[in-house]
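Asker: structural data only, the sequence is not supplied:
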């Protein structure tokens, strides 16, 4: 799906240089960055859900550990 992305000039220059250094297009670089951001966000969400599950299901054990 086509998309126009407006970047600050300095960031655009940095992406140009990074893409050249890695021998890839700027588009491929931005796509990879977006994929990594989505993956990290999903992992963070799963960790948070697991933490909340542990808090709600193991509250008594956690409180005993805190008192030990």
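Answerer: Yes, it's here. What you see is a predicted model; the values in this text were computed from it and never measured. Numbers count the residues shown, from 1 in each chain.
Asker: gap between residue 39 and residue 13?
Answerer: As judged by C-beta to C-beta, to the nearest Å, residue 39 and residue 13 stand 27 Å apart. All C-beta spots, glycine's among them, are computed from the backbone N, C-alpha and C.
Asker: could you give me the average pLDDT of stretch 17-34?
Answerer: Mean pLDDT, stretch 17-34: 96.
Asker: buried residues in that stretch?
Answerer: By 16 or more other C-beta atoms under 10 Å, the buried positions in stretch 17-34 come out as 19, 26, 29.
Asker: mind putting the residues you listed in a markdown table, distance to residue 48 and secondary structure included?
Answerer: Formatted as a markdown table, the buried residues of stretch 17-34 follow (distance: C-beta to C-beta, whole Å; DSSP: H, G, I helix; E, B strand; the rest coil):
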| residue | distance to residue 48 | secondary structure |
| --- | --- | --- |
| 19 | 33 | helix |
| 26 | 33 | helix |
| 29 | 29 | helix |
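Asker: tell me which of the residues you listed is nearest to residue 50?
Answerer: Comparing those against residue 50 with C-beta to C-beta places residue 29 closest, at 31.9 Å.
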